[in-house]
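# Quick one: sequence plus predicted model below, questions after.
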Number of protein chains: 2
Amino acid sequence: MSNQQALDIERERSGSTINQQQVKELFHGGAESLSKREWIASLVAKEPVFSKTGQEFLSRAERFHRGLAKGKRFAELRNQYGLDQEESMLFLKLFVDDFVPACLHIDMFLPVLRNQSSKEQWARWGSEAESMRMLGCYAQTELGHGSNLSGLETTATLDKAADEWVINSPTASAAKYWIGALGKTCTHAAVVAQLIIDGKSYGAHPFLVPIRSLDDHTLLPGIRALDIGPKVGAGQMDNGWAMFDQVRIPRTNMLMGYSQVDQDGTYHKPLNDRLRYGTMTYVRVHIVEFASLALSRAITIAVRYSVVRRQGSTRMYQGGEPQVLDYQTQQHRLLPLLAQAYAFSITGHWMGRHYHTLMDMLQNGDDSLLADVHAYSSALKSYTTKVVADGSEDARKSMGGHGYSMFNGISEPLGTYQATNTFEGENVLLTQQAASYLLKIYRAIKAGKQVLPAQEYTVGYLYRLLASPAALAEDRPKDILSPNGLVAMFEHRAARLLRAVGDAHLDGAGWETQLIAFAQLARAHVQVLVVRNFFGELAHHRLDGSTAQAMLDLAKLHALHLVLYTDLGEFVEDGFLATAQLDKMRAEYLRLLQSIRGNAVALVDAFGWPDWYLNSALGASDGRAYDRLVEAIQSEPLNTTEVDSRGVIRGYDEFIRPLIRGECGEFSMRMQEARHAKAKM
Amino acid sequence: MSNQQALDIERERSGSTINQQQVKELFHGGAESLSKREWIASLVAKEPVFSKTGQEFLSRAERFHRGLAKGKRFAELRNQYGLDQEESMLFLKLFVDDFVPACLHIDMFLPVLRNQSSKEQWARWGSEAESMRMLGCYAQTELGHGSNLSGLETTATLDKAADEWVINSPTASAAKYWIGALGKTCTHAAVVAQLIIDGKSYGAHPFLVPIRSLDDHTLLPGIRALDIGPKVGAGQMDNGWAMFDQVRIPRTNMLMGYSQVDQDGTYHKPLNDRLRYGTMTYVRVHIVEFASLALSRAITIAVRYSVVRRQGSTRMYQGGEPQVLDYQTQQHRLLPLLAQAYAFSITGHWMGRHYHTLMDMLQNGDDSLLADVHAYSSALKSYTTKVVADGSEDARKSMGGHGYSMFNGISEPLGTYQATNTFEGENVLLTQQAASYLLKIYRAIKAGKQVLPAQEYTVGYLYRLLASPAALAEDRPKDILSPNGLVAMFEHRAARLLRAVGDAHLDGAGWETQLIAFAQLARAHVQVLVVRNFFGELAHHRLDGSTAQAMLDLAKLHALHLVLYTDLGEFVEDGFLATAQLDKMRAEYLRLLQSIRGNAVALVDAFGWPDWYLNSALGASDGRAYDRLVEAIQSEPLNTTEVDSRGVIRGYDEFIRPLIRGECGEFSMRMQEARHAKAKM
Ligand SMILES: Cc1cc2nc3c(=O)[nH]c(=O)nc-3n(C[C@H](O)[C@H](O)[C@H](O)COP(=O)(O)OP(=O)(O)OC[C@H]3O[C@@H](n4cnc5c(N)ncnc54)[C@H](O)[C@@H]3O)c2cc1C
Ligand SMILES: Cc1cc2nc3c(=O)[nH]c(=O)nc-3n(C[C@H](O)[C@H](O)[C@H](O)COP(=O)(O)OP(=O)(O)OC[C@H]3O[C@@H](n4cnc5c(N)ncnc54)[C@H](O)[C@@H]3O)c2cc1C
């Protein structure tokens, strides 16, 4: 049995026509980035504490305790090697893989402290925080308020006499909630609270609040905190509830990198806080950069399983039962996801570069890219994380019955990943940010403005297509199957949607009446970018001939799938594409499925995920899915600790034997008839 | 805080314009069916063993043991009241809600034994099985084979001398796998095996195989069985792996209701096994009937939470923060699901009736409806269970951060529900069944045949529209917003897809080249039915004026949502609908969202789910979502058993204190620089 499967997957590999290393570098953003990732992976792989073996059997409390151990070991390695922000994120959020409490320190607390402290504050706190002698969290969300920041109820009131802030939770709904690492572990919190001086509120500001004693870890006076219980994922994280009862901190614990408050109560507005807005988008940019990694992992598993799973009538298909990846529907289910994993990685790298361009410009006082980066990070976060979450679940389902086992390797990380659809801006809500930016662009176009050079690549097409009514109507792609032709379809559709939304807006349509249209527009606009980036990246990468061809096929499949099977209506409702063109595109789509199928295993191998990372019985590199399943089930507690020496399940005496012995009554339809007769009386 | 929420939800109720009782009866399939369900619910509610309180904190083993206790109590009540098949299913699969091992006995084993035993066999086994002194399972799937029944490897070889069957698993991939209740609990299995006599194979047949001793529950000689470990859901079920090593059972343990084998080895083919095929679709019909129930539960929770959750800038919206259900995108996310819950319930009842019509006809030797029922149960199962699973997850996400808590009441049952997308025919695969039937219809139409009266309602429209090339082109709906106009759109699109697929098929296109098109066709065809049934049911139900209006709005929203936002491309690519018509439909869609929003809470209340059943902090009937969340987290083990008397988390000494005390090194970027310098050497 194992032989057949091992042979099947090896045959796939030997039939591949791509240059592994080239594709791997493309996916990971270049040779340097790849070798950094591989080095971090090797650090994690060496440490037994990070092993995932058997984690499927642990209770939440057991997992949580393992998380503490992982956090400590991570801190030691971070200090030992001087792992920087990016390396630390790769270590914890990518390779360690279940969010341990230390994640919040690295991911949220440190960046906030670094960027929002004044120079003096950073000198005071920096080394403690960087070395993790201080363990922080970021406490913004409350039980009653998340999306609407202005509604936060926690107050920080200045007591001038004492030169202190009084942090207080005035109502039950003001409790901080969902705060990672606040429940049990952190020593400090960056608490976002309404800043109040002399009865006047200045809006939400961040304060560094000590939470637990550095001596014995007990909660400091006036603070209550609890873990908020089991979640869809992220079981190792102590997301917390907390309330503050008139808790006092020094005035200088307000983070004063932007606004400042003097001892006499004078409030200084930030002179220029564009840099702050820039750094605040960082977390979202990072989510976009990581989206493809999550998808690539699920698709690795599903594709590998689909070549070792043989299922189907031998009457109908020659050469024994088909590998299920030979079915058109299976290809249709998985290969577009494979293409999306590559597409999102390319756009993720682009997003990172775009962000760094912005930060460089901001340092030089130029904020012309701020709105663009903000809009893209919002819309891309919303779009990619949804596709990745939904796509991973469908990849799981494509594995049939065995896909329902927790040894699938997909469900467990997916539960945790699902949170990305909600945090850092709820996905649906975020589309309003992008729409708001595009409406500004539309007004600029209507006012006859020219596109700024820095924005030519991202929104230049809108200026071109919407400058005159004729432009949009005339713009018909010549070769609909060429990269340019495909990109043009996406541009046309996004521009058309913006024109409709924009005209209604200029006609005075209320914001609240266009929310659905905004969401469609945001999606259409980022698809332009993702599709264009994919073709663009291939055009300037040196790939071997057959590798280049395989990647071009993928890029086309990616575009055609969106046009034909995901958003067809929006592309055709204005008659932009004729049925004959669609038929031609569909034929090409089917041809591409076939051609990509041959390289499918090589293309997932090129993601480079080690078996210890995938932790999947179904998707291991050697293809031995059945053997590994049967190996994995041996450790199930119902097979080990919950049975007696003869293998009889605990509970038999109490719950099964009485039944079998007939001590639980005798079934008879007459009981029912009696019931009905009685009911009729 | 609680007051505001309680007030908010009560205000929704007092503003409702629908007659609760009428809508409730409509949803539950009439007054009689409703009162049966309410009675069963009351039986479950009374018994502490079925309580779900605190289940979020249990390990799988603990849950499994609770499941045993539930099974026993269910058996006692079943025997006491003479609960029939339908009532038993309502009891276990609806209200008890997590699949306990006893489910398999009721759901699969009993129906198979009832329908496939001969009269004598049933006389021998019936009362034992009905009273649950025998605990059964249905063992068909193997490690290597599920969908492809003909590939099963387990053999049952006749030993004429001994008058016995020898049951054997010849390879590792022949192991029975996924078999509910086989791992730890069942005493008997209906094992599907290749029947072999004198070296000749007669295909897969069912055999009653004793698995565990009735004396002490140990596995019988030659049998090995294990639980297959943690799954995406269904944690209380011991899905099992099992292997048979030359296990002997009497010849008369082959289920002989259809085929028979004599002592001398003569094999008798069934004279007529249409009745068998009829009963085999029962499980799928049942899944269709239950789909709306699963969706209605998720949508109850999400709608209720969306009226008590207030979030948004008070600058932009008057009267305080908006209830999130006031946002267009939130309505767009939830109200179509609300409409689908009603649509699927109506079609579920229709499916049940259609099935019973078939069974009556089969009893009278008329099998003209067999293919139709088979195709519908396949396509509807595939379509509805996918919409319900995906829709429930989006309903969960629509609740923002708090939706990520396991106290949401959606995720837990959804994990279990996900299995319906896979078992009883994998969803994508099933669409081929429907397509195969429709291709037969197409050939009949091309051959000039007339529709059979029994099929007029289901496929009559295809005969009408495809009889001549002109019919399809001419058929333009007049009033596109009327029920007839809407139904006509769905009919047109399904007929158009069938024509394309059918013509290609008649031109010799290989089966394997059309699988994607088949899946689209199956979906289009069942949507015709679901949309038509919804309008039809309303037309012949007596509802109060404003109730009728509200339901008609829902039915229209259901149809418009599919046209405009789910499958737009298929409706417009042939130019059947013009942009102006679409704009009119979109305006109507937005109007409907607003009008249905007012009755949303009343419409979910009408599903009638008690709070104990929903088990949701976010969706309880009193609206006190925040209070209930904070109540629920008090019992989290990390807050109770995993902390010391001062509230300090276990593991602090080992993993946190050393960090804080600086025993884990000091971070310095110089370490990194040293690293890089070294790398360059
Ligand atoms: C796992 C996890 C970890 C987290 N960690 C932290 C943390 O460490 N620190 C922290 O401070 N927070 C944290 N959060 C909180 C998180 O940032 C918020 O939950 C998230 O921003 C969503 O906000 P919300 O819960 O208020 O959603 P809501 O705004 O309540 O969303 C509910 C629904 O209302 C809709 N909606 C809301 N407003 C509008 C509007 N204006 N227009 C249209 N629709 C609207 C949304 O689209 C959504 O469908 C975490 C959350 C999770 C799930
Ligand atoms: C929770 C659970 C409980 C179960 N309980 C039982 C039980 O009690 N008794 C029992 O006997 N079984 C049981 N099963 C097994 C179940 O019936 C099968 O898993 C199910 O029928 C799917 O079959 P499969 O696993 O072979 O999927 P596969 O056929 O392996 O599916 C994998 C992929 O291949 C595709 N595919 C397969 N064949 C074709 C084809 N011909 N054309 C196109 N695509 C194809 C599918 O669409 C799917 O995407 C259970 C399963 C689960 C998940």
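Noted; the coordinates are in hand. Ligands and ions are numbered 1, 2, ... in the order given.

# helix, strand or coil for the nearest residue to residue A:461 once chain neighbours are set aside?
The shortest distance from residue A:461 to any non-neighbouring residue, by C-beta to C-beta, 6 or more residues apart in numbering or on different chains, is to residue A:491 (4.5 Å). Where you see a C-beta, it was placed from the backbone N, CA and C, and this is true even at glycine. What DSSP: H, G, I helix; E, B strand; the rest coil gives for residue A:491 is helix.

# what's near enough to touch residue A:491?
Going by C-beta atoms under 8 Å, 6 or more residues apart in numbering or on different chains, residue A:491 touches A:461, A:465, A:475, A:528.

# again with residue A:364
Counted by C-beta under 8 Å, 6+ apart, residue A:364 has zero contacts.

# circling back: of all pairs in the contacts of residue A:491, which one is the farthest apart?
Within the contacts of residue A:491, A:475 and A:528 form the most distant pair, 13.2 Å apart (C-beta to C-beta).

# what about residue A:178, distance to residue A:238?
11 Å (C-beta to C-beta, to the nearest Å).

# ok, so what distance separates the residue of chain A found nearest ligand 1 from chain B?
The nearest approach of chain A to ligand 1 comes at residue A:146, 2.2 Å away (C-beta to the nearest ligand atom). To chain B, residue A:146 is 5 Å away according to C-beta to the nearest C-beta, to the nearest Å.

# Verify the stated contact: that residue with residue B:401.
Yes: counting by C-beta atoms under 8 Å, residue B:401 is a contact partner of residue A:146 at 5.0 Å.

# what's the overlap in contacts for the two?
residue A:178.

# who has more neighbours, those two?
residue A:146 (23 against 17; other C-beta atoms under 10 Å in any protein chain shown).

# For the residue of chain A closest to ligand 1, which three-state class applies?
Residue A:146 - assigned by three-state DSSP - is coil.

# With residue A:166 instead?
Applying three-state DSSP: residue A:166 is strand.

# okay, it: pLDDT?
On the pLDDT scale, residue A:166 is placed at 98.

# With residue A:121 as the reference, measure out to it.
20 Å.

# One more: residue A:168?
Distance, residue A:168 to residue A:121, by C-beta to C-beta: 23 Å.

# What parts of the stretch 501-650 of chain A come near chain B?
Within the stretch 501-650 of chain A, the positions adjacent to chain B are A:511-516, A:519, A:564, A:567-575, A:579, A:582, A:590, A:626-627, A:629-630, A:632-639, A:641-643, A:646-650 by C-beta under 8 Å from any C-beta of the partner chain.

# Report the buried members of those.
By neighbour count, with 16 or more other C-beta atoms under 10 Å in any protein chain shown, these hold A:514-516, A:519, A:564, A:567-574, A:582, A:590, A:626-627, A:629-630, A:632-633, A:636-639, A:642-643, A:648-650 as buried.

# Near ligand 1, list only the ones from the residues you listed.
By C-beta under 6 Å from any ligand atom, the members of these lying near ligand 1 are residue A:515.

# picking up where we left off before, higher neighbour count, residue A:178 and residue A:238?
With neighbours defined as other C-beta under 10 Å, residue A:178 and residue A:238 compare such that residue A:238 has more, 29 against 25.

# Just confirm residue A:196 is within a helix.
No: read with three-state DSSP, residue A:196 is strand and lies in no helix.

# quick one: it and residue A:156 touch, right?
Yes: contact criterion C-beta under 8 Å: residue A:196 and residue A:156 qualify, at 6.7 Å.

# neighbour count winner among those two?
residue A:156 (29 against 17).

# Quick check: the more buried one is in a strand.
Yes: counting by three-state DSSP, residue A:156 is found in a strand.

# Quick check: residue A:101 vs residue B:482, distance?
In this view, residue A:101 and residue B:482 are 59 Å apart by C-beta to C-beta.

# Then residue A:519?
29 Å.

# And residue A:271, by the same measure?
63 Å.

# For the lowest-mean-pLDDT helix or strand in chain A, buried residues please.
Within chain A, no helix or strand scores below helix A:669-680, which has a mean of 74 by mean pLDDT, DSSP states H and E. For helix A:669-680, a neighbour-count test (16+ other C-beta under 10 Å) marks residue A:671 as buried.

# residues making contact with that helix?
Here helix A:669-680 makes contact (C-beta under 8 Å, 6+ apart) with B:79, B:80, B:81, B:82, B:83, B:84.

# Buried subset of the residues you listed, written for ChimeraX?
Here is the ChimeraX command that picks out the buried ones among those, judged by 16+ other C-beta under 10 Å:
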select /B:79,81,82,83
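
# The contacts of helix A:669-680: which two are farthest apart?
B:80 and B:84 (13.3 Å).
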